[in-house]
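**Student:** test case, fold it:
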Amino acid sequence: MIACFGDSITEGRPGVTYLRYLDGAEKYYNMGLSGDTLLGLSKRVDQFRNNSVCNEFIIAIGCNDIMLPFLHDYSPKWTAVVDGLIDRGSRPLPRSADFIAEYEKLLSKLADKKVIVVSIPCIGENLKNELNARVDEYNGHLKKLCEKHGVYYVDFNGWQKEVIKSSGFESDYFMPKDTNHVKLDVLTTTFLGLSTMISNKRKLTVTVDGVHLNKQGAKGLANLINKTKAAG
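**Tutor:** Sure, this is the predicted structure:
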């Protein structure tokens, strides 16, 4: 079995999880947790390893380390949500140096495992926004870290950028300020399977809200992972 650790993008709430499109999908554990950060994920990996003999891991984390500080000041409802996530243990690391240092600790703990690391995805489909500049900074360091440790690195962010640019537009739509609308997105995109319709309505290409994946985004990530595993 292969453990797929991540946040809501892995979990697929809202949006679509990439796990459903992986070859031999029944072999994968969905260990995504909405709102999780690198610190929270690292603790969950420790607990999982103590109770599992799983030797393969896919790690897709970092979006919330960059995004939660932004969302904290985005609206009063998001402030309450972010505070709750931090209290839970999903504390963000808003400095790239701290993030990479902690990621290296995680990879060291998994040194005896086969690990695939997924780049941090785009945060908003406007590729010129400040959040995506931060994502690029983090990913530059993360790619070098994977090379240092001999870990497979899946450049999902690069794939997203190519697809968004080829679409001919970069939508400014981003996560709603009212968190109740996120719950509605879970209903429509995760449970009712209307991710493509929601994306088209918002003029988005690979996400349903600028962050969480629609069907095209989920298939794209799964294809990249399938190719990486086939090559390895």
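**Student:** Y173: what's it in contact with?
**Tutor:** 125, 202-204, 209-210 (CB atoms under 8 Å, 6 or more residues apart in numbering). Where you see a C-beta, it was placed from the backbone N, CA and C, and this is true even at glycine.
**Student:** by neighbours, which of these wins?
**Tutor:** E125 (28 neighbours; other CB atoms under 10 Å).
**Student:** and the closest residue to L68 other than its chain neighbours, how many neighbours?
**Tutor:** Excluding the flanking residues, the one nearest L68 by CB to CB, 6 or more residues apart in numbering is P92, at 4.4 Å. P92 has 26 neighbours, counted by other CB under 10 Å.
**Student:** circling back to that earlier point, make TSV out of the contacts of Y173 and add pLDDT, distance to I59 and secondary structure.
**Tutor:** Putting these into TSV (pLDDT from 0 to 100; distance: CB to CB, whole Å; DSSP: H, G, I helix; E, B strand; the rest coil) gives the following:
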residue	pLDDT	distance to I59	secondary structure
E125	98	24	coil
R202	97	29	coil
K203	97	31	coil
L204	98	25	coil
D209	98	23	coil
G210	98	22	coil
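**Student:** from these, which is closest to K143?
**Tutor:** E125 (21.7 Å; CB to CB).
**Student:** distance of that closest one from E104?
**Tutor:** 30 Å (CB to CB, to the nearest Å).
**Student:** P176 now?
**Tutor:** 35 Å.
**Student:** which one of those two has more residues nearby?
**Tutor:** More crowded of P176 and E104, by other CB under 10 Å: P176, with 17 against 14.
**Student:** the longest helix in the chain is where?
**Tutor:** helix 130-149 (DSSP state H).
**Student:** all strands of the protein, in order?
**Tutor:** 2-6, 28-32, 56-60, 114-118, 152-154 (DSSP state E).
**Student:** out of the ones you listed, which comes closest to A97?
**Tutor:** For A97, the closest of those is strand 114-118, at 17.8 Å, according to CB to CB.
**Student:** quick one: the residue nearest to L68 and H72 touch, right?
**Tutor:** No - with contact defined as CB atoms under 8 Å, P92 does not count as touching H72 (9.0 Å).
**Student:** count the residues that sit near K109.
**Tutor:** 13.
**Student:** got it, and R95?
**Tutor:** R95 is flanked by 11 other residues according to other CB under 10 Å.
**Student:** how near is it to L38?
**Tutor:** For R95, the distance to L38 - CB to CB - is 12 Å.
**Student:** tell me how far stretch 218-228 lies from the chain's centre.
**Tutor:** 14 Å (CA atoms, centre = their mean, to the nearest Å).
**Student:** what residues does that stretch touch?
**Tutor:** The contact list for stretch 218-228, computed with CB under 8 Å, 6+ apart, reads 12, 15-23, 58, 116, 118, 152, 154-156, 159-160, 163, 206, 213.
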